[in-house]
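*Asks:* Okay, structure incoming, though there's no sequence with it:
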């Protein structure tokens, strides 16, 4: 394996031209996404630059408190982003998203970092932060899709749900079809990624490991762990947020309470 190639500022400038090319295509075809693309590019540079500086400090300190604080902040922003991607909202939706993301991230991340990888000390930022970041970054999409699908189902097909209740279905029975539909929708991105891994694409963790000089089979092992942990986190997170939404929007007597459900 050759040494890691370090990028220079000029290399980043050249890569910026690629984004500019995408912006030019947007203008020529009148796609209307040029401004969004520019804002997204600027945010990418600023956010990644800031987190790079923060991680350097945290890696140098090697203390538990900064790692825990950063993970909590990541969960906070992940939950917020998940809700922002839904078409409908209800009171307490942010709290439900945060709790779902926190439970799924910490449960799955704990198994991976403490059992599978065997991180020592338990808070080692070199492993804990990247792995939990990958869980949050990927699972928030599945959680958002599942929640959006569930709320859309209740709003558009309310009569169908109420008909089940009228025929004697319990709350759990009435909400089972929309829950299943939401779970299937939330799992689509990770299922597609798993199906294409190694054939159509080389996923991020594997690519990063190879670029860093790791043997390909070791990189594959890490990537398998990452994809499995993301699948578990998406399933748990989507299930929890949908169950929480169901309890918020249907009371114990089986009456739908959609007065607070609003479109963005």
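*Replies:* It's in. The model shown is predicted, which means the values in this text are computed figures rather than measured ones.
*Asks:* Number of residues surrounding residue 143?
*Replies:* The number of residues packed around residue 143, counting by other CB atoms under 10 Å, is 33. Backbone N, C-alpha and C define where each C-beta goes, glycine included.
*Asks:* nope, residue 100 is what I was after
*Replies:* Residues lying near residue 100 (other CB under 10 Å) number 27.
*Asks:* tell me the mean pLDDT for the helix or strand where it lies?
*Replies:* Secondary structure assigned from DSSP states H and E places residue 100 in helix 93-110. Averaging pLDDT along helix 93-110 gives 94.
*Asks:* Can you mark which positions in that helix are buried?
*Replies:* Using 16 or more other CB atoms under 10 Å as the burial criterion, the residues of helix 93-110 that qualify are 93, 96-106, 108-109.
*Asks:* before we move on, what about stretch 166-186?
*Replies:* 169, 171, 174, 175, 178, 179, 181, 182, 183, 185, 186.
*Asks:* any idea how far the residue nearest to residue 105 when sequence neighbours are not counted is from residue 219?
*Replies:* Once flanking residues are discounted, residue 105 sits nearest to residue 135: 5.1 Å by CB to CB, 6 or more residues apart in numbering. Distance of residue 135 to residue 219, given as CB to CB, to the nearest Å: 19 Å.
*Asks:* if we can go back for a sec, pipe the buried residues of stretch 166-186 into CSV and attach distance to residue 77 and secondary structure per row.
*Replies:* What follows is the buried residues of stretch 166-186, written out as CSV (distance: CB to CB, whole Å; DSSP: H, G, I helix; E, B strand; the rest coil):
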residue, distance to residue 77, secondary structure
169, 38, coil
171, 32, helix
174, 34, helix
175, 29, helix
178, 27, helix
179, 26, helix
181, 27, helix
182, 23, helix
183, 24, helix
185, 23, helix
186, 19, helix
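*Asks:* between these, which is nearest residue 63?
*Replies:* residue 186 (35.5 Å; CB to CB).
*Asks:* show me the contacts for the closest one.
*Replies:* Contacts for residue 186 (CB atoms under 8 Å, 6 or more residues apart in numbering) come out as 142, 143, 144, 145, 146, 147, 149, 234, 235, 238.
*Asks:* looking at it, the last one is touching residue 142, isn't it?
*Replies:* Yes: at 5.5 Å, residue 238 and residue 142 qualify as touching, with contact defined as CB atoms under 8 Å.
*Asks:* Spit out the residues that contact those two alike.
*Replies:* In contact with both residue 238 and residue 142: 186, 187, using CB under 8 Å, 6+ apart.
*Asks:* for the residue most central in space within the chain, helix, strand, or coil?
*Replies:* The C-alpha lying nearest the average C-alpha coordinate of the chain belongs to residue 140 (CA atoms, centre = their mean; 2.5 Å). Following DSSP: H, G, I helix; E, B strand; the rest coil, residue 140 is assigned to helix.
*Asks:* Would you mind measuring from it to residue 168?
*Replies:* In this view, residue 140 and residue 168 are 37 Å apart by CB to CB.
*Asks:* thinking again about what came up before, just send the contacts of residue 186 back as CSV, with secondary structure and distance to residue 196 too.
*Replies:* Listed next are the contacts of residue 186 as CSV, based on DSSP: H, G, I helix; E, B strand; the rest coil; distance: CB to CB, whole Å:
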residue, secondary structure, distance to residue 196
142, helix, 16
143, helix, 21
144, helix, 21
145, helix, 18
146, helix, 21
147, helix, 25
149, helix, 22
234, helix, 16
235, helix, 19
238, helix, 21
